[in-house]
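*Asks:* sequence plus predicted model, see below.
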Amino acid sequence: MIWHLGVIGGSGLAEGLDLDDAQEIAVSSPFGTPSGPVITGKIAGKRVTFIARHGKGHRLTPSAVDYRANIDVLKRCGVTDVLSLSAIGSLAEDMAPGHFVAVDQFIDRTQGRCGSFFGEGLVAHVSLADPVCARLSKLAADAAEASGATVHRGGCYIAIEGPQFSTRAESRLYRQWGAQVIGMTAMPEARLGREAELPYAVLGMVTDYDCWRDGEAVAASEVFAVMKANAALARETVRKLVVSLPKKRSASPVDTALDGAIVTAPGARDGNLAAMLDAVAGRVLR
Ligand SMILES: CSC[C@H]1O[C@H](OP(=O)(O)O)[C@H](O)[C@@H]1O
Ligand SMILES: Nc1ncnc2[nH]cnc12
C-alpha cells in the first residue's frame, strides 16, 4: 500500500495546504455533507487530500461539523491515514502558546454529536484504548520539530461541546482530571477515524492558556492571532511529514480495527445501513 495522507485543517487553517496540482474533487457521503470542498494534490509526488473542518470562511461551529461525512469522504478518496491540525488551549504550564502537542489521549465531554457510523441493525464495538496512531503521531511530531516548532510528545485532550469556552471551575476541574489540552473538535473525529480503519493523529497548536490561571481568559481573537502566526509552520510541518514518508506504507493495526468488532449476526443486519457503510466497513462487510 502507498501513503495517501488526509489532513483536516482546523481554526485558522481553512486556506489549506501548499499542494502541487491541487484540484477540488466532488465526493459525496451517504452520512451527510462534508465541511467544505475536498482538495486533493501532491507533495513530493505523494497524494494528500485536505478538508477545512469549519468550511470555507469558518462557517461551521464545532457542533455543526459533520464529522461522519468528513471521515467518510476521506475514506472514499482512498486516504490511508488522517492528520488533524487543531487549535488547542493549554491546561499545563509547560505547554505554552506557540507550542505544538502531539496528542495521545482524549476525554470526551461533547454532547449530542453523531459519534459512530454504526447503529441499529449493524452494531460494532472497536477499541479506543489507544485512540491515536503512534506511528503517524511520531512522524508529525518529528516533522514539526524539524520545521522549528517546540513539540510535546503526548498530551491528554479534553473535547468540550462549546461553542463557548469553559468556565474557570471547569478549566480547573479538567486539570484535576489529568487533561493537558482542550479543544472542541477531536471528538468524535478520533472515534470515527478508528471505525473507518484510518490511523488518526492530532497535532495541536497551543493558542492560549484557557482560563485556569488567575485573571486570564481566552478570546477567539487570541486563538486566531496565534494560529495566523503559526499557519506557515503548520504547512511546513505537513510538507516535511509527507516528504519523510517512505514510499511504501507498512500495515498499521488500525487498518484492521473492525476485525471482530461487528457483533450483529449477518441475518439481522440492516441492509440500508450496510450499503451506507460501503467505504467505512466494506472490507469486513463484503
Ligand atoms: C476559534 S476558537 C475555538 C475553536 O478552535 C478550535 O478549532 P479546531 O479544533 O477546528 O482547530 C477549537 O476546537 C474550537 O472549535
Ligand atoms: N481554550 C480553548 N478551549 C477550547 N477550544 C480551544 N481552542 C483553542 N483554545 C481553546
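*Replies:* Alright, I've got the coordinates. Ligands and ions are numbered 1, 2, ... in the order given.
*Asks:* thought residue 204 was touching residue 89?
*Replies:* No. If you go by Cβ atoms under 8 Å, residue 204 and residue 89 don't touch, sitting 9.3 Å apart. Glycine gets a C-beta too; all of them are placed from N, C-alpha and C.
*Asks:* what touches both of those two?
*Replies:* Any residue near both residue 204 and residue 89 by Cβ atoms under 8 Å, 6 or more residues apart in numbering counts here, and that gives 181, 183.
*Asks:* ok, residue 216 - contacts?
*Replies:* residue 209.
*Asks:* sec struct for it, please.
*Replies:* Residue 216 falls in the coil class when you classify it by DSSP: H, G, I helix; E, B strand; the rest coil.
*Asks:* from residue 209, how far off is it?
*Replies:* From residue 216 over to residue 209 the distance is 6 Å, taken as Cβ to Cβ, to the nearest Å.
*Asks:* tell me who's in contact with the closest residue to residue 92 other than its chain neighbours.
*Replies:* Distance criterion Cβ to Cβ, 6 or more residues apart in numbering; nearest residue to residue 92, sequence neighbours excluded, is residue 180 at 4.4 Å. By Cβ under 8 Å, 6+ apart, the residues touching residue 180 are 90, 91, 92, 95, 101, 155, 156, 157.
*Asks:* tell me which element the fifth one falls in.
*Replies:* According to DSSP states H and E, residue 101 maps onto strand 100-102.
*Asks:* who does that strand pair up with?
*Replies:* Here strand 100-102 is paired, per DSSP bridges, with strand 151-153 (parallel), strand 200-208 (antiparallel).
*Asks:* show me what secondary structure element comes after it.
*Replies:* strand 105-109.
*Asks:* which strands and helices sit next to whichever helix or strand comes after that next one?
*Replies:* Per DSSP H and E, the first helix or strand lying C-terminal to strand 105-109 is helix 134-146. Other helices and strands packing on helix 134-146, by 3 or more Cβ pairs under 8 Å, 6 or more residues apart in numbering; DSSP states H and E, are strand 81-90, strand 100-102, strand 151-153, strand 200-208, helix 220-244.
*Asks:* average pLDDT for helix 134-146?
*Replies:* Helix 134-146 shows a mean pLDDT of 98 in the predicted model.
*Asks:* distance from the chain centre to that helix, please.
*Replies:* Put simply, helix 134-146 sits 15 Å off its chain's centre (Cα atoms, centre = their mean, to the nearest Å).
*Asks:* and it, what's buried?
*Replies:* Buried positions in helix 134-146, judged by neighbour count with 16 or more other Cβ atoms under 10 Å: 134, 135, 136, 137, 139, 140, 141, 142, 143, 144, 145.
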